[in-house]
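K.L.:
can't give you the sequence, but here's the structure:
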DNA sequence: TATTGTTATACTCTATAACTATA
DNA sequence: TATAGTTATAGAGTATAACAATA
């Protein structure tokens, strides 16, 4: 465990990372906001999946995911195929145009990172990736009942710690109509 | 330097950190949004400073800073004292109430981090802090002409790399009225 | 004429709630 | 009755632009 001063500093640095994210966001093409870019990147990394699974990976409410996905679909970057096993479900699938777009996004991001981190060693970048991944895992990468599905579809995941601390709320779902 | 796959993974993890930030944001008191909390934390860490300096540290446009500061000031958490050296300027100063509030924020944040990172070693937390600080520095902690002031007021800063790559735009300032 | 700070406006991201169509 | 997904609405963060006061 760490001391209070360390936690405070970590909180500050987490807040400061926003500046980096904003910089990365500024190089995106005008018709592809960060939300859609995240959708494309996630599908590119983990393959086809359902809305709920995507919402879980992105750790945002499904309503948010739905909007980002709708935008990407309207541009023809992804298809929302029917799920033969459940007619309520939709299988998200990257189209060739989506792959193209994703390649473009990758090049832009890579170029900026390579420029900014030109004096970083391969090992340092690896360490940062490792620690950030661990951080996300510690903050409940696996929440609620859908947690089991974590390692199912995404085989080459990051080695998440699914048995960590219990998390109160459920992230990918909103309370639903509990009319008291 | 690192490879493209690493940069792509780093970009994904940077995006994913948003979930952690959102979790931290959820434990804030209702009258203190993240923007105001960042203002208080920065003043608590670096001491009194001007608007422009604060905007630079937060790496957001000064218009944004102005709004966050106005909110904090309206709650009595900070004073905007006149700058004897420049009547256009204002010196931001934490009030006793602001210090109280900051203490509260610190306790909330620390509690959550301590809970989530209970299985992290002191050293691991330190490494993450180190790498995130370095990341922010690499992304132009010091931009534009105000860069010189970086180490002036904040002595115990983080050892930023002020002589890094040249940055195109200026972050704490908007184009101003260039009526063509 | 340039700079400091403020304000108005617009856009993105997010969560909550209500709704549909299935299960 | 519960779940998958959609949509409407509201709140926060940010950037751009225009403005006021001062340098």
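P.N.:
Received the coordinates, thanks. As the structure is a prediction and not an experimental result, all values here were calculated from the model.

K.L.:
neighbours of residue A:127, how many?
P.N.:
Other residues lying near residue A:127 total 16 when counted by other C-beta atoms under 10 Å in any protein chain shown. Where C-beta positions appear, they are placed from N, C-alpha and C, glycine not excepted.

K.L.:
now swap in the one 10 residues further on and tell me
P.N.:
Taking other C-beta under 10 Å as the criterion, the count of residues near residue A:137 is 19.

K.L.:
anything in the helix or strand encompassing it near chain B?
P.N.:
Secondary structure from DSSP states H and E places residue A:137 in helix A:122-138. Yes: against chain B, helix A:122-138 shows contacts by C-beta under 8 Å from any C-beta of the partner chain at A:122, A:124-129, A:131-136, A:138.

K.L.:
what of stretch A:84-94?
P.N.:
No: if you take C-beta under 8 Å from any C-beta as the test, stretch A:84-94 misses chain B, and the best it gets is 15.1 Å.

K.L.:
mind checking the end-to-end distance for that stretch?
P.N.:
18 Å (C-alpha to C-alpha, to the nearest Å).

K.L.:
how far does that stretch sit from the chain's center?
P.N.:
Remark: stretch A:84-94 is offset 20 Å from the chain centroid, using C-alpha atoms, centre = their mean, to the nearest Å.

K.L.:
how about it: buried residues?
P.N.:
By 16 or more other C-beta atoms under 10 Å in any protein chain shown, the buried positions in stretch A:84-94 come out as A:90-92, A:94.

K.L.:
which one of those is nearest to DNA strand D?
P.N.:
Within the buried residues of stretch A:84-94, the smallest distance to DNA strand D is 4.7 Å, found for residue A:90 (C-beta to the nearest atom of the strand).

K.L.:
so for the nearest residue to residue A:35 once chain neighbours are set aside, what's the pLDDT?
P.N.:
Distance criterion C-beta to C-beta, 6 or more residues apart in numbering or on different chains; nearest residue to residue A:35, sequence neighbours excluded, is residue A:68 at 3.9 Å. At residue A:68, the pLDDT value in this model is 98.

K.L.:
next, count neighbours for residue A:26.
P.N.:
Using other C-beta under 10 Å, residue A:26 is surrounded by 10 other residues.

K.L.:
alright, calling it a day.
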